[in-house]
Each structure stands twice: as C-alpha cells, then as structure tokens.
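*Asks:* okay, sequence plus prediction incoming.
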Amino acid sequence: MKGLENKKIFVTGAASGIGRATAQRLWNEGSNLVLIDIPTEEETELKAMFPERMTYIQADVTATDGLAKIQAEIDKGVDVFINNAGITRDATVHKMTDEQWDQVIAVNLTAVFKLSRMCAIKMKEQKSGVILNAASVVAHYGNFGQANYTSTKAGVIAMTKTMAKELGKDGIRVNAVAPGFIGTPMVRKMPEKVIAMMEDKTPIKRLGEPEDIAAAYAFLASEDASFITGTCMNVDGGVVLG
C-alpha cells in the first residue's frame, strides 16, 4: 500500500484476532506500530512477532491511567489511529443489566470518542492524519441479544461521519470498517452448527478472515485512499444483502 512505510500507527485491541492481523499487515507494510491492549499473556507473542518497529502499551481504554499512557505516546506523534478494541456482553433487552450496557458503551463508544479526540487535537497541529474505527454490519440491521453492541456500532458510524466533516479541512481522514462474520479464534471455537449458520447467511458462503479486515484497514490508512473519508466500508461477504 502506498505511503504506509515508516508511518506511526496505533492499534487498540491488538493482542489477538483482527487487531493482531492488522498489526501484522501494517508491520509487513513497513509501518511503526504502537500496539495497545489490556495486560495479556499474548504480549510476549507480539514482542516475538515484531522484534523491531513496535511499542506495546498495556492499557485499559476505559481507565484514566490507561488513557494517560496512550495520550503520552500520541503527544510524540501519530499518523494513523485504529480504534479496533471492542467487547460484547450479550443479553436480550429485558434481561440486560445496567452493568452489561455500561461496559459495552464504555469500551466500544466512549473510548473511541476519547481516543479520537486525543488524536484530533494532535493531528490538527500536524495538519494530517487518519482515524479508523471498528463498526459492524449489525449496526445496519440490528442483532438479537445485542442492543448494547449494535447501539455502539451505529454510534461509531455516526461519529465517524461527523468527525470526517469536522476534520477534513485539517487534512484528517476518518473512516469506519464494518466486519461481517469473521473467523477469529473466538468464533472458530463456536459450535459447528453456529459457524455453518453464519456461512449460510453469507452470499460468499464462508466466514471472513481477520486478514480481510486488516487489508481494509491498511487500504484506508494508505495514500491509495487519500480521497476517501466519512465512509463505512462493509467487509462482510455480502451478508448485509440479506
């Protein structure tokens, strides 16, 4: 991809799944990585995978001290920031607790806002930058048992469009990526009948791979996407077609 070499790129939720695949793709493109996740045993693996051009920050994106660690690194410069971290706490509306609602909102929406605000301030000084946010195809059509999750992802899409309008004049592009059914390690552990259902709902008749989402992030981060902002790219094998 054009223009990714030597760029300083932050990825939250980088320890596994889509985050790790994104880190690998960007590292292969020659980028300098700042990988962010909660304390995890996967940190050792990441340091072995990326022996150079990588900084790892142990941080909870909902915690004041975690945000302070990230802010300190952003202050040193940021070319691209990928808000990839996300969680689920599924339950139907009449059974969903305040805690389940609040936890998902905190990680998937509030943290995206706070981190994007940090980036916007720095990027406005630089007159350049890219912010990429993790949405989901369920933002478009809802999903049983996920009132909290779908609300955050719809909010992310709206926030992305608003930030794109506000920041474009400063040379800052803001886009979102909406994955469909992706074969992350967590999904691959699901019962075979559940995976088969996902595949059947997808016109391409297979799950996506984390590398498919990583490719979308890499493209949108690159100069090849220099005239793309305020969009939500569905990477879903056509599942939104119904």
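*Replies:* Sure, I can see it. Residues are numbered from 1 along each chain as shown.

*Asks:* C-alpha from now on. contacts and neighbour counts both.
*Replies:* Will do.

*Asks:* in three-state terms, label the residue of the chain most remote from its centre for me.
*Replies:* Centroid-distance maximum for the chain: His94 at 28.9 Å, with C-alpha atoms, centre = their mean. Classification of His94 using DSSP: H, G, I helix; E, B strand; the rest coil returns coil.

*Asks:* what's the host helix or strand of Ile70 packed up against?
*Replies:* In this assignment (DSSP states H and E), Ile70 forms part of helix 64-74. If you count contacts as 3 or more C-alpha pairs under 8 Å, 6 or more residues apart in numbering; DSSP states H and E, helix 64-74 packs onto strand 54-58, helix 111-126.

*Asks:* please repeat the previous calculation with a cut-off of 6 Å.
*Replies:* Using 3 or more C-alpha pairs under 6 Å, 6 or more residues apart in numbering; DSSP states H and E as the contact test, no helix or strand touches helix 64-74.

*Asks:* quick check: buried residues in the next helix or strand after it?
*Replies:* For helix 64-74, the succeeding helix or strand toward the C-terminus, using DSSP H and E, is strand 80-83. Within strand 80-83, the residues that qualify as buried are 80-83, counting by 16 or more other C-alpha atoms under 10 Å.

*Asks:* same question, stretch 130-150
*Replies:* Residues of stretch 130-150 classed as buried under the neighbour-count rule (16+ other C-alpha under 10 Å) are 130-139, 142, 145-150.

*Asks:* select from these every entry located in strands.
*Replies:* Using DSSP state E, the subset of the buried residues of stretch 130-150 located in strands is 130-134.

*Asks:* a markdown table for those residues, including distance to Glu41?
*Replies:* Formatted as a markdown table, these follow (distance: C-alpha to C-alpha, whole Å):
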| residue | distance to Glu41 |
| --- | --- |
| Val130 | 30 |
| Ile131 | 28 |
| Leu132 | 26 |
| Asn133 | 25 |
| Ala134 | 24 |
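
*Asks:* out of those residues, who's nearest Ser222?
*Replies:* Minimum distance to Ser222 across these is 8.9 Å, recorded for Val130 (C-alpha to C-alpha).

*Asks:* list the contacts for the closest one?
*Replies:* Applying C-alpha atoms under 6 Å, 6 or more residues apart in numbering, we find Val130 in contact with 80, 172-174.

*Asks:* who does it form a beta bridge with?
*Replies:* When bridges are called by DSSP bridges, Val130 pairs up with Val80, Arg173.

*Asks:* low-confidence ranges, the chain, go.
*Replies:* Across the chain, nothing is flagged by pLDDT under 70.

*Asks:* what angle do the lengthiest helix in it and helix 111-126 make?
*Replies:* Counting by DSSP state H, the longest helix found in the chain is helix 147-167. Interaxial angle of helix 147-167 relative to helix 111-126 (axes from the mean of the first three to the mean of the last three C-alpha atoms, to 10 degrees): 10 degrees.

*Asks:* and helix 147-167, what does it pack against?
*Replies:* In terms of contacts (3+ C-alpha pairs under 6 Å, 6+ apart), helix 147-167 is packed against helix 138-141, strand 172-179.
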